[in-house]
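Pasting the sequence and the predicted model now:
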Amino acid sequence: MATVAARDTETSLGKTDRRDNWWAGPLATIIVLSGFGIYATFRAVYAQDYELGHGARVNQILPEHAYLLSPFFSPLILLPGMPAWFSPAFLILWAPGGFRLTCYYYRKAYYRAYFGDPPGCAVGEVKSGRYMGETGLFIFQNLHRFFLYVAILFILMLAVDVIHACLWPTTGGGITLGASVGTIVLAVNVVCLSLYTFSCHSLRHLVGGNIDCFSCVAFGQTRHKLWKGVSKLNKNHMLWAWCSLFTVGFADFYVWLVASQTIIDVRLF
Ligand code: FES
């Protein structure tokens, strides 16, 4: 009887017997993802005030500051003969963008939010015929594991940016260790992006999948430990996905404010 009742309510988009605010999640997803997409696109096209400090290659502002680089532009690639209208962010953002677009969690979130397919559990969906899985137009979703490899490289490069943000030029032309609020902002971003990346479902499969017995394969014990670690992080993959989206956007925004001299980046030590 329960099956029949559920079928009756799932015949048109949004129809349901659910009494909870099931629409709140998809609505929040639309607001946050659309807002982030608009902001990131604007910053990529605007392509100014994305770095500052010692070693800044575009704007030699605050030369006495440690080098800060927005994660949207890291690693900074300035090719010779690159036209002025071409933003270096275009060479970067395809990778983290593709990683999130093909993420198993985000897929669920934006399929529900943007396509209503379905909008929620036991909620009527857009009638689109047979479910095709990751085929046809969506075959690119199978690239997720390759985006993962690139994302891990990006984590390493963003960690190098944090090190740069700790190296402060001295008046004598040397270097001293230090940290500012900007250093902390970049470091927190790397931690959150790492938690998101290393909790990936594909990584979990990479380290622990495709085998029946850990003790029967080479490096079995190591793989088992890695698999347990990734599995632990994986439980909160959704949380890391949203936290890291916020921190990467905020890190760019903070660098923008400091590089445009709207605010002063306070040195802590
Ligand atoms: S499943 Fe979300 S990043 Fe891989």
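Yep, that arrived. This structure is a prediction, so every number in the text was calculated from the model and none was measured.

Only C-alpha atoms from now on, for both contacts and neighbour counts.
Noted.

Report the separation between the one residue in the stretch 151-269 of the chain that gets nearest to the ligand and residue 227.
In the stretch 151-269 of the chain, the residue that lies nearest the ligand is residue 200 (3.6 Å; CA to the nearest ligand atom). Using CA to CA, to the nearest Å, residue 200 is found at 11 Å from residue 227.

which of those two has more neighbours?
For residue 200 versus residue 227, the count of surrounding residues by other CA atoms under 10 Å is larger for residue 200: 27 against 20.

Need the phi and psi values for that one.
In terms of degrees, to the nearest 10, the main-chain angles of residue 200 are phi -60, psi 140.

you'd agree it is up against residue 236?
No: when contacts are counted by CA atoms under 8 Å, residue 200 is not listed as touching residue 236 (10.1 Å).

Show me where the stretch 151-269 of the chain dips below the pLDDT cut-off.
Applying pLDDT under 70 to the stretch 151-269 of the chain flags no residue at all.

Which residue, other than its chain neighbours, is closest to the residue of the stretch 1-150 of the chain found nearest the ligand?
Closest residue of the stretch 1-150 of the chain to the ligand, CA to the nearest ligand atom: residue 103 (3.7 Å). Spatial nearest neighbour of residue 103, chain neighbours left out: residue 144 (6.6 Å); criterion: CA to CA, 6 or more residues apart in numbering.

so that neighbour sits in a strand?
No: with DSSP: H, G, I helix; E, B strand; the rest coil as the criterion, residue 144 is located in helix rather than a strand.

Which pLDDT value does the model give it?
pLDDT for residue 144: 97.

Show the contacting residues for it.
Applying CA atoms under 8 Å, 6 or more residues apart in numbering to residue 144 gives the contacts 98-99, 102-103, 202.

Can you name the residues of the stretch 1-150 of the chain sitting close to the ligand?
For the stretch 1-150 of the chain, the residues in contact with the ligand (CA under 6 Å from any ligand atom) are 103-105.

List only buried entries from these.
103-104 (16 or more other CA atoms under 10 Å).

Among the residues of the stretch 1-150 of the chain next to the ligand, which ones are in helices?
If you go by DSSP state H, those have 104-105 in helices.

Out of the residues of the stretch 1-150 of the chain next to the ligand, which is nearest to residue 38?
Checking those against residue 38 with CA to CA, the nearest one is residue 103 at 19.6 Å.

per-residue pLDDT, that closest one?
Residue 103 is given a pLDDT of 98.

Could you do residue 77 as well?
For residue 77, pLDDT reads 94.

Once you drop chain neighbours, what's closest to residue 126?
Nearest to residue 126 is residue 13, by CA to CA, 6+ apart, at 5.3 Å.

these two touch, right, the one you found and residue 125?
Yes: counting by CA under 8 Å, residue 125 is a contact partner of residue 13 at 4.4 Å.

and for those two, which residues touch both?
What both residue 13 and residue 125 touch, as defined by CA under 8 Å, 6+ apart, is the set 116, 119.

Residue 232: what's it in contact with?
residue 199 are the contacts of residue 232 under CA under 8 Å, 6+ apart.

how about the helix or strand hosting it against the ligand, any contact?
Using DSSP states H and E, residue 232 sits within helix 220-234. No: if you take CA under 6 Å from any ligand atom as the test, helix 220-234 misses the ligand, and the best it gets is 8.7 Å.

quick one: buried residues of that helix?
220, 223-224, 226-227, 230-231, 233-234.

which SS class is residue 79?
Of the three states, residue 79 takes coil according to three-state DSSP.

Equivalent analysis for residue 265, please.
Going by three-state DSSP: residue 265 is coil.

I'd assumed residue 180 was in contact with it.
Yes: Residue 265 is within contact range of residue 180, at 6.4 Å (criterion: CA under 8 Å).

wait, what's in contact with residue 99?
144, 147-148, 151.

Just give the number of residues close to the closest residue to residue 115 other than its chain neighbours.
Nearest non-adjacent residue to residue 115, counting by CA to CA, 6+ apart: residue 126, 7.6 Å away. By other CA under 10 Å, 15 other residues sit near residue 126.

Pretty sure residue 126 sits in a strand.
No: according to three-state DSSP, the state of residue 126 is coil, so it is not within a strand.
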